[in-house]
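Enquirer: Here is my input, please return the structure:
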Amino acid sequence: MRRISEIIVHCSDSPHGRGDDVETIRRWHKERGFDDVGYHYVITELGETQEGRPLAQVGAHCEGHNADSVGICLIGKNSFTQVQFAALRGLVAKLKERFEIDRVVGHNRYNPKKTCPNFNVELALQEPKGKKL
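Expert: Model prediction:
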C-alpha cells in the first residue's frame with residue numbers, strides 16, 4: 001500500500017439531478033485519455049459512496065499531489081445534499097483513522113484558478129449542531 005497523507009475533495013461540475021455517478025466520471029476520464037477514473041471515491045447526490053480507482057493506485061485528480069493523496073468527488077456543481085455531506089464526513093473519518101491523515105482540503109487549495117469543490121470543505125466536515133449522524 002502506498003503512503004497516504006491527505007484527502008483532496010472535488011466536485012464533478014454536474015448539473016443537479018442528472019444522476020451522474022462513478023461510471024459517468026470514469027467514461028469522461030477515459031475519453032480524456034486516463035487509464036481509469038481519477039478519483040478514489042465518488043459520492044452521489046443520494047449519498048451513496050462509490051469506489052473508483054483502487055486506493056493502492058495513485059490517483060489522477062490533482063496535479064502534483066496525486067502520489068500521497070486520496071481523491072473524493074461529490075456529484076454536483078453549486079448544490080450538494082445533506083446526505084452527501086454526511087457521507088463525506090463518514091468516509092473522511094474512516095480514511096483518517098486507517099491512514100492517520102491530518103489534512104483534508106478542497107481542490108482549489110492547490111489550483112487557485114478552480115473553485116472546485118464549490119463549498120467550504122472545513123465547514124462541510126463539521127457535524128451539524130444538534131444532530132448526531
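Enquirer: Secondary structure element holding the residue positioned nearest the centre of the chain?
Expert: Nearest to the geometric centre of the chain sits residue 72, at 1.6 Å (Cα atoms, centre = their mean). Assigned by DSSP states H and E, residue 72 belongs to strand 69-74.
Enquirer: Around the nearest residue to residue 56 once chain neighbours are set aside, count how many other residues there are.
Expert: Leaving aside its chain neighbours, residue 56 sits nearest to residue 1 (5.5 Å; criterion: Cβ to Cβ, 6 or more residues apart in numbering). (Each C-beta comes from the backbone N, C-alpha and C, glycine too.) Residue 1 has 7 neighbours, counted by other Cβ atoms under 10 Å.
Enquirer: and what of residue 113?
Expert: 6.
Enquirer: Now do the longest helix anywhere in the chain, average pLDDT.
Expert: For the chain, the longest helix by residue count, based on DSSP state H, is helix 82-99. Averaging the model's pLDDT scores along helix 82-99 yields 96.
Enquirer: Nearest residue to residue 72 in space, please, no chain neighbours.
Expert: Spatial nearest neighbour of residue 72, chain neighbours left out: residue 41 (4.7 Å); criterion: Cβ to Cβ, 6+ apart.
Enquirer: so that neighbour sits right up against residue 73, yeah?
Expert: Yes - checked against Cβ atoms under 8 Å, the pair residue 41 and residue 73 is within contact range at 7.2 Å.
Enquirer: For the two, list the residues in contact with both.
Expert: Applying Cβ atoms under 8 Å, 6 or more residues apart in numbering, one finds that residue 41 and residue 73 are jointly contacted by residue 52.
Enquirer: what are the ranges of the helices in the protein?
Expert: 22-31, 82-99, 121-124.
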